[in-house]
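Colleague: 3D, please:
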Amino acid sequence: MMPFPGGIEANANATLLFSFVAAVIYAFALDMPPKWTRSAAKTLAVALLAVLAAMQGGPALLVAALGLSAIGDAFLSRDGEKAFLGGLASFLAGHVAYVALFAQSGGGLRLLSAESWRGALALAMAAFSIVMLAALWRRVGPQLRIPIAVYVAAILAMGLSALTTDKVWVIAGAVLFIASDGLLAAERFLLAAISPHRPWMRHAVWVLYYAAQLAITLGFLLGAAG
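Modeller: Sure thing, here's the model as predicted:
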């Protein structure tokens, strides 16, 4: 059963399927040397979600956030510090778009205290962000400290703003996004270069990240509410 009307031949369902296929292709190509084909698969996975959101009349901020994320994926599919900083900047802009989107569609920060589970999750997000930033601060070079601190603040704001919405899929997506970024930071900066945990962590980062973007997209397009 497809999520959108019209069966698998409908444009929306076909676009979603192609996005998923690109995500699977990248998962299998993840450990291969950087090539344009690998970069294309990574970029297309989320870029097609942006296309889907636009096709289905989704919020402009959702399309923008997904598009900026796809640009970030293109940067991060390459090696080197410049590519990493380009990806960081793109995802930072994407998180700002998500914060604006969630704030626009949410019920305000008062919801965090109105329901205990929202407040507890908000505290967990804040604690995780503080611990991660403290660990990274000691391990990264001085030139990366401020960009990473700004990024951590942005993704925490994204998570907190998601908690103000009534969309369960969007909240789940935000949690998965934070988990993915936490694993990515640990794999890139905290693990030893020869750690045996790197391969599975790289795959876990991608699975959590794509699931996050998919959940947020469908949360808006299908109107999933709690």
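Colleague: what's around Leu156, how many residues?
Modeller: 21 (other Cβ atoms under 10 Å). Yep, even glycine has a C-beta here, placed from its N, CA and C like the rest.
Colleague: how close does it sit to Phe128?
Modeller: Per Cβ to Cβ, to the nearest Å, Leu156 is found 9 Å from Phe128.
Colleague: who touches both of the two?
Modeller: Contact criterion Cβ atoms under 8 Å, 6 or more residues apart in numbering; residues bridging Leu156 and Phe128 by contacting each: Ile178.
Colleague: Just the buried positions in the helix or strand bottoming out on mean pLDDT in the chain, please.
Modeller: Ranked by mean pLDDT, DSSP states H and E, the weakest helix or strand in the chain is helix 111-114, scoring a mean of 78. Buried positions in helix 111-114, judged by neighbour count with 16 or more other Cβ atoms under 10 Å: 111-112.
Colleague: same check, this time on stretch 36-55
Modeller: By neighbour count with 16+ other Cβ under 10 Å, stretch 36-55 contains the buried residues 38-53.
Colleague: returning to that earlier point: just the C-alphas of the next helix or strand after the least confident helix or strand of the chain, formatted as CSV.
Modeller: Sequence order places helix 116-139 as the next helix or strand after helix 111-114, per DSSP states H and E. Taking Å, rounded to 0.1, in the frame of the first residue of the first chain, the C-alpha atoms of helix 116-139 are listed here in CSV:
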residue,chain,number,x,y,z
SER,A,116,5.4,16.0,30.9
TRP,A,117,6.8,13.8,28.1
ARG,A,118,7.6,16.8,26.0
GLY,A,119,9.4,18.5,28.8
ALA,A,120,11.4,15.3,29.6
LEU,A,121,12.3,14.9,26.0
ALA,A,122,13.4,18.6,25.8
LEU,A,123,15.6,18.1,28.8
ALA,A,124,17.1,15.0,27.3
MET,A,125,17.9,16.8,24.1
ALA,A,126,19.5,19.7,26.0
ALA,A,127,21.6,17.3,28.1
PHE,A,128,22.8,15.3,25.1
SER,A,129,23.7,18.5,23.3
ILE,A,130,25.7,19.9,26.2
VAL,A,131,27.6,16.6,26.7
MET,A,132,28.3,16.2,23.0
LEU,A,133,29.6,19.8,22.7
ALA,A,134,31.8,19.4,25.8
ALA,A,135,33.3,16.3,24.3
LEU,A,136,33.9,17.8,20.9
TRP,A,137,35.3,21.1,22.3
ARG,A,138,38.3,19.2,23.6
ARG,A,139,38.9,17.2,20.5
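Colleague: Need the contact partners of helix 116-139.
Modeller: So helix 116-139 is contacted by 111-113, 145, 148-149, 152-153, 155-156, 159-160, 163, 171, 175, 178, 182, 185-186, 189-190 (Cβ under 8 Å, 6+ apart).
Colleague: Generate a PyMOL selection restricted to the buried subset of those residues.
Modeller: Buried subset of those, written as a PyMOL selection, criterion 16+ other Cβ under 10 Å:
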select buried, resi 111+112+148+152+155+156+159+160+163+171+175+178+182+185+186+189
